[in-house]
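>>> With the sequence up front, the predicted model follows.
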Amino acid sequence: MSLLTHVLACLFGMGSWVAINGMWVELPLIVPGIPEGWYLPSYLTVLIQMANIGPLFITLMHRFRPGALDERPVIYFIVVLGIVATFLLVFFWRHEVVVAGSNHSVPLLVLSFLLSVVDCTSSVTFLPFMMRLHPQYLTTYFAGEGLSGLVPALVALIQGVGVVRCENATMSGNTSVYNSSISGSGELQAVYQPSRFSVEVFFVFLTVMMVVCLLAFIALNHHPAVARERKSDRYFNGDLEREKREQGLSLRVQTIEQKPMLGPSEAGIKEPRSSFGKGTYSTLEVAFIFVVLAWVNALTNAVLPSVQSYSCLPYGNKAYHLAATMAAVSNPVACFIAMFVPMRSLFFMGFLTLFGSGFGAYIMAMAALSPCPLLVHSVSGTAFIVLAWILFVLTLSYVKVIIGVILRDEGHSALVWCGAVVQLGSMLGAVSMFPLVSVYGLFQSGDACNTKCPS
């Protein structure tokens, strides 16, 4: 394996969702400067689901015109579009337009929609492109995809986004404490610390990340080291691959002609178990794989992230930031584990899915009990919620990578359907949680400084 190709695959994967992930982590600094305020997350949720028109078009093309669409020009287009959109955000994110007599952040919303199209479409184009590289590089790509959430979060953490100082309301502004109790001098209030650099600088960082993704993609297509590796690998040698198919066909014909009274299985020819991919898995097993893939992505991309603040903030601001950061770290860690321990057993995959979903259920229960979840005033409660987030993301991210590796072996179209099901699961999760969180208000937010709950 080429270390350079691994690095390029990782950088390429980092560009898949870095723009939208960056938008989400920057929200605490964006919303005070726009007329939509904290309605912006709801708008972003809707825009992301509307952006699934991109994956839908790509999937339909592969379904009805197989082989007619080369994903490489599409990738060039969406990555360049992402670069332009993030660069324009630097100048126009605060620009307002009067619509129906009121001010709205039309440029911000339009550019956010374009970035959503870029990131959603990457699911059905980046993955199929990885068929052009050795199978081991797919796991590295998934690690980069995980870093697309971690890196913006770390930059936002350095920036100081969402860092709260608990300050006594009756004391001077220079006095601060870092717990969630009420002091004898008065009630504590949450004071957000000023950021170390502006929103514009953060959008410049996102632009640079998209440029890096484009350069990595160009190198994966044209760098001599990558080309030499592909040329020397029999897996990618078109002539040998074609010769192998022709020899296999000739052998099959000869075998059947030599043994005309025997069926294909009796003649030593392995019959495909289904029409999906190479026929390795039965129709029931393929359905199981895709149901698990949709379920896992619904939980990790939409359902649990929508209640993360409700599940963690009652335990304190430090618990919230620790859970968010460690969960983001767990994603690429799971990819590295899958690189060295690729367990492809469907039974083991089902077990891990149930195991991770159990931690997801605990997180959801704590969010539902907010602002007074279990063990809210204890160190063990804080440790449990952080550990639950780590194990939830770690196990289900491992499942996603293993499914990607399995489907990669089934061929190009299998990876296209993999990306489509990822988006479908994420969309169903978002559509399910949006009314519960934003319309009906079933979850109550905890106060990082003044949670009053019975001991």
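Ah, there it is. Numbers count the residues shown, from 1 in each chain.
>>> export the host helix or strand of Leu56 as PDB, just CAs?
Element membership of Leu56 [criterion: DSSP states H and E] is helix 53-64. Provided in PDB are the C-alpha atoms of helix 53-64 (Å, rounded to 0.1, in the frame of the first residue of the first chain):
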ATOM      1  CA  ILE A  53     -32.300  15.900  -5.500                       C
ATOM      2  CA  GLY A  54     -28.600  15.500  -6.400                       C
ATOM      3  CA  PRO A  55     -28.200  11.900  -5.100                       C
ATOM      4  CA  LEU A  56     -31.700  11.000  -6.600                       C
ATOM      5  CA  PHE A  57     -30.600  12.100 -10.100                       C
ATOM      6  CA  ILE A  58     -27.300  10.200  -9.900                       C
ATOM      7  CA  THR A  59     -29.000   7.100  -8.600                       C
ATOM      8  CA  LEU A  60     -31.700   7.200 -11.300                       C
ATOM      9  CA  MET A  61     -29.000   7.600 -14.000                       C
ATOM     10  CA  HIS A  62     -27.200   4.500 -12.800                       C
ATOM     11  CA  ARG A  63     -30.400   2.600 -12.600                       C
ATOM     12  CA  PHE A  64     -31.800   3.400 -16.000                       C
END
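>>> what number of residues lie near Asn331?
Residues contacting Asn331 under the criterion other Cβ atoms under 10 Å number 24. C-beta here means a position set from N, CA and C on the backbone, and glycine is covered the same way.
>>> Also the one 4 residues further on?
Around Cys335 there are 26 other residues, counting by other Cβ under 10 Å.
>>> from memory it sits against Phe142, does it?
Yes - here Cys335 reaches Phe142: they are 4.6 Å apart, a contact under Cβ atoms under 8 Å.
>>> who touches both of these two?
Here Cys335 and Phe142 have Val401 as joint contacts, going by Cβ atoms under 8 Å, 6 or more residues apart in numbering.
>>> one step back: residues contacting the helix or strand following the helix holding Leu56, please?
Where DSSP H and E defines the elements, the next helix or strand beyond helix 53-64 is helix 71-92. Here helix 71-92 makes contact (Cβ under 8 Å, 6+ apart) with 15, 19, 54, 58, 107-108, 111, 114-115, 117-119, 121-122, 125-126, 128-129, 200, 203-204, 206-207, 210-211, 213-214, 217, 221.
>>> try it again with 6 Å
Applying Cβ atoms under 6 Å, 6 or more residues apart in numbering, the contact partners of helix 71-92 are 19, 107, 111, 114-115, 118, 121, 125, 128-129, 200, 203-204, 206-207, 210-211, 213-214.
>>> Just the ones in helices from the residues you listed, please.
Counting by DSSP state H, the contacts of helix 71-92 place 19, 107, 111, 114-115, 118, 121, 125, 128-129, 200, 203-204, 206-207, 210-211, 213-214 in helices.
>>> Flag every buried residue along stretch 408-426.
Across stretch 408-426, burial judged by 16 or more other Cβ atoms under 10 Å covers 408, 410, 412-426.
>>> before we move on, back to that, list the buried residues for the helix holding Leu56?
54-56, 58-59, 61-62.
>>> Over to stretch 83-95?
83, 85-90, 92-93.
>>> Mind putting those into TSV with distance to Ala319 and pLDDT?
Below are the buried residues of stretch 83-95 laid out as TSV (distance: Cβ to Cβ, whole Å; pLDDT from 0 to 100):
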residue	distance to Ala319	pLDDT
Ile83	36	95
Ala85	34	95
Thr86	31	95
Phe87	36	96
Leu88	37	95
Leu89	31	93
Val90	33	93
Phe92	36	90
Trp93	30	89
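>>> Export those to TSV and append columns for distance to Lys400.
Formatted as TSV, the buried residues of stretch 83-95 follow (distance: Cβ to Cβ, whole Å):
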residue	distance to Lys400
Ile83	27
Ala85	27
Thr86	26
Phe87	31
Leu88	32
Leu89	29
Val90	33
Phe92	35
Trp93	32
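>>> need the contact list for Leu4.
Ala225.
>>> Could you tell me which of the contacts of helix 71-92 count as buried?
Applying 16+ other Cβ under 10 Å to these, the neighbour count classes 19, 107, 111, 114-115, 118, 121, 125, 128-129, 203-204, 206-207, 210-211, 213-214 as buried.
>>> Count residues in the vicinity of the residue nearest to Val99 when sequence neighbours are not counted, would you?
Setting aside the residues directly before and after it, Val99 is nearest to Val106 in space (Cβ to Cβ, 6 or more residues apart in numbering), at 6.7 Å. Using other Cβ under 10 Å, Val106 has 14 other residues around it.
>>> Repeat that for the one 3 residues further on.
The local packing of Leu109 (other Cβ under 10 Å) involves 18 other residues.
>>> Repeat that for the one 4 residues further on.
Residue crowding around Phe113 was assessed by other Cβ under 10 Å; the count is 18.
>>> now the helices for the stretch 351-455 of the chain?
For the stretch 351-455 of the chain, applying DSSP state H, counting those that start in this stretch gives helices covering 379-409, 412-434.
>>> can you tell me which of those the model trusts least?
Within the helices of the stretch 351-455 of the chain, confidence is poorest for helix 412-434, with a mean of 85 (mean pLDDT).
>>> angle of that helix against helix 71-92?
Using axes from the mean of the first three to the mean of the last three Cα atoms, to 10 degrees, the direction of helix 412-434 lies 30 degrees away from that of helix 71-92.
>>> Residues contacting helix 412-434 from elsewhere in the structure, which ones?
45, 49, 52, 55, 59, 62, 120, 123-124, 127-128, 131, 277, 290, 293-294, 297-298, 301-303, 306, 407-408.
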